[in-house]
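A.B. asks: 3D, please:
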Amino acid sequence: AYEEEINSLRAALQSARVDGEARRDLDAEWRERVAVAECKQATKDAAYERKIKELDDTRREAEEALRLEQQHHAVYSTTEANIAASHIRAENVALQDQLRH
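C.D. replies: Model prediction:
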C-alpha cells in the first residue's frame, strides 16, 4: 500500500509537472502571439501615420498651387484691366483731339 501511494504521488507529481510545462508553453506561445499582434498593429499604425502625412503634404502642395494660380490670375486680370484702361484713355484722348479740331 505504501509503494502504491508513493507511485500515485509520483504520478500526480509528474502530471503536475507536465501540466506546469504545458501551461508555461501555452503562456510563452500566448506572449509570442501578443507580441506579434502588437508588432503588426504598430506597423499598421506607422503606415497609417505615413499615409496621413503624405495626404497632408499633398493637400498643402495643392493649396499652395491654388494660391499661386489665384495670385497669377489676379496679376493677369490686373494687367488686362490696366491695358484696357490704357486703351480707353487713348481713345478718350483721340476723341478729345477730334472734338477740338
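
A.B. asks: where does this protein have low pLDDT?
C.D. replies: Low-confidence segments of the chain, defined by pLDDT under 70, are absent.

A.B. asks: where do the helices sit along it?
C.D. replies: Taking DSSP state H to define them, one finds helices in the chain at 2-100.

A.B. asks: contact partners for the residue most central in space within it?
C.D. replies: Residue closest to the mean C-alpha point of the chain, counted by Cα atoms, centre = their mean, is Ile52 at 1.6 Å. Shown here is Ile52, which makes no contacts under the criterion Cβ atoms under 8 Å, 6 or more residues apart in numbering. Backbone N, C-alpha and C define where each C-beta goes, glycine included.

A.B. asks: please renumber so the chain begins at 40
C.D. replies: Yep, numbering from 40; the last one is Ile91 now.

A.B. asks: and it, how far from Leu105?
C.D. replies: For Ile91, the distance to Leu105 equals 21 Å [Cβ to Cβ, to the nearest Å].

A.B. asks: check His112 too.
C.D. replies: His112 sits 10 Å away from Leu105 when distances are taken as Cβ to Cβ.

A.B. asks: check Ile45 too.
C.D. replies: Going from Ile45 to Leu105 by Cβ to Cβ gives 88 Å.

A.B. asks: same check, this time on Asp84
C.D. replies: As defined by Cβ to Cβ, Asp84 lies at a distance of 31 Å from Leu105.

A.B. asks: also Leu48?
C.D. replies: Leu48 sits 84 Å away from Leu105, going by Cβ to Cβ.

A.B. asks: ditto for Tyr115
C.D. replies: Here Tyr115 is placed at a distance of 15 Å from Leu105 (Cβ to Cβ).

A.B. asks: what does Glu44 give?
C.D. replies: Distance, Glu44 to Leu105, by Cβ to Cβ: 89 Å.
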